[in-house]
Structure formats: structure tokens, C-alpha cells
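J.: fold the stuff below for me.
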Amino acid sequence: MMPTRFARAGLRATQQFSVPRTAAVNGLRTYATPAQEVKPPVSLYGVDGTYATALFTASAKSANLEQTSKALSALGEVLKADRKLTGLISAPTLTASDKSQIVQELQKLTGDKGDIVKNFLETLAENNRLGLLEGVCEKFATLMGAHRGEIDLNITSAQVYNPPSSAFSACVCAEGYWLEPILTKILGA
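T.: Below you'll find the model as predicted:
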């Protein structure tokens, strides 16, 4: 009986001198806005897709999507043009110092002064994934195209384009896209 009385008295004293619950909760609340949740426009699969999605998310959170896109497209062009470089960066016998030198040279090739691409290349080098870089560049270009609202479209026609649609083809060709050749073997109704 005695322990119960002491417990009740202690509880009343605690309630009497405690801060109201709402004040305690408000005192802990911070008024900074939470980090925005960035969802990539397209789901990509594979290891290179995972890295491309992570890079897209990081650059979107820091509002550097266009800068990162330019840097990776320049890097992708270099990798397509120089096959020896692709073989060099995918070698599994590279030491840590070799990888850091490669990352520095790759960053010079991108012309990017920011930390996002540099950190990304360092992450690839640490995880021995530099060989995936060309695929990551392609997948990142896919993400950026979807972010800009671009769609892949194949037009196949049995006839030559008529004059109103030739303006369409001129517009498409001016944008750097290409038109598929006309297949006259197609029979349509």
C-alpha cells in the first residue's frame, strides 16, 4: 500500500512541475524545409541504371541537372571516340593511385567545375565500376531526355512525306534527330 502512495505522490509532483506536452514538442520542432524528394522520370534497371539514377537524383537536389548533363554527354562522346580509354578504365588491375589519376583526367575532359561529377567518378573508381561509365552516360541521357519531355518515336511510312509534313521533318532534323527511311514495301489500306 505504501509504495503505491509514494508512486501516486511522485506522479502528481511530476505532472505539476512538468512542461506541457505541446510546448515540449514545439520546442523540438525545427522550421527548415525538408529535403525535396526527387523521383526520376523513368525507372532504369541494371547497375549502370542504378548509378545513373543516383547521379540524376543528386544533381536534381543540388539544381545542377543541365551542368551535369553537359559534362556526362562530353564524357560519353570521349568514351565512344576513344576505345583504348574504355579498355583502360575497365581494367581490374588498377591501383588506387591509378584510379585517382584517371578520375582527375576524366574530370578535365568533362570541363565540369562542380563536385557532383567529381564525387560520382570517385565513387565509381572506389567501387571498381569505371568500366560502366559509358553505359551510365547513355542511361543518364535517357533520364535527361525524359526529364525534358522528349519521347522516342519511330515513323515508318509507305509514301514520301507530303509538303505539310516536310516542315515537320525539317523541324525534327534541325533539332538533331533523324528520320527513318521510307519503306515502300509496306502495303496499307
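J.: so where's the protein uncertain?
T.: Along the chain, segments meeting pLDDT under 70 span 1-3, 5-36, 154-189.
J.: if you set the cut-off to 50 instead, what comes out?
T.: For the chain, the stretches flagged by pLDDT under 50 are 189.
J.: what ranges do the helices span in it?
T.: For the chain, the helices defined by DSSP state H occupy 2-17, 21-28, 47-61, 65-81, 83-89, 96-110, 115-126, 133-148, 163-174.
J.: how close does Leu85 sit to Leu109?
T.: 9 Å (CB to CB, to the nearest Å). To be clear about C-beta, it is placed using only N, CA and C from the backbone, and glycine gets the same treatment.
J.: now for those two: what residues contact both?
T.: Val78 (CB atoms under 8 Å, 6 or more residues apart in numbering).
J.: outline the domain layout of this structure.
T.: Residue ranges for each domain of the chain read 47-148, 153-189, as given by automatic domain parsing.
J.: ok, which of these comes nearest Glu37?
T.: Across the domains of the chain, the minimum distance to Glu37, taken as CB to CB, is reached by domain 47-148, at 9.3 Å.
J.: thinking again about what came up before, kindly present the domains of the chain as TSV, with separate columns for distance to Glu37 and mean neighbour count.
T.: Conversion of those to TSV gives the following (distance: least, CB to CB, whole Å; neighbours: other CB atoms under 10 Å):
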stretch	distance to Glu37	mean neighbour count
domain 47-148	9	17
domain 153-189	30	10
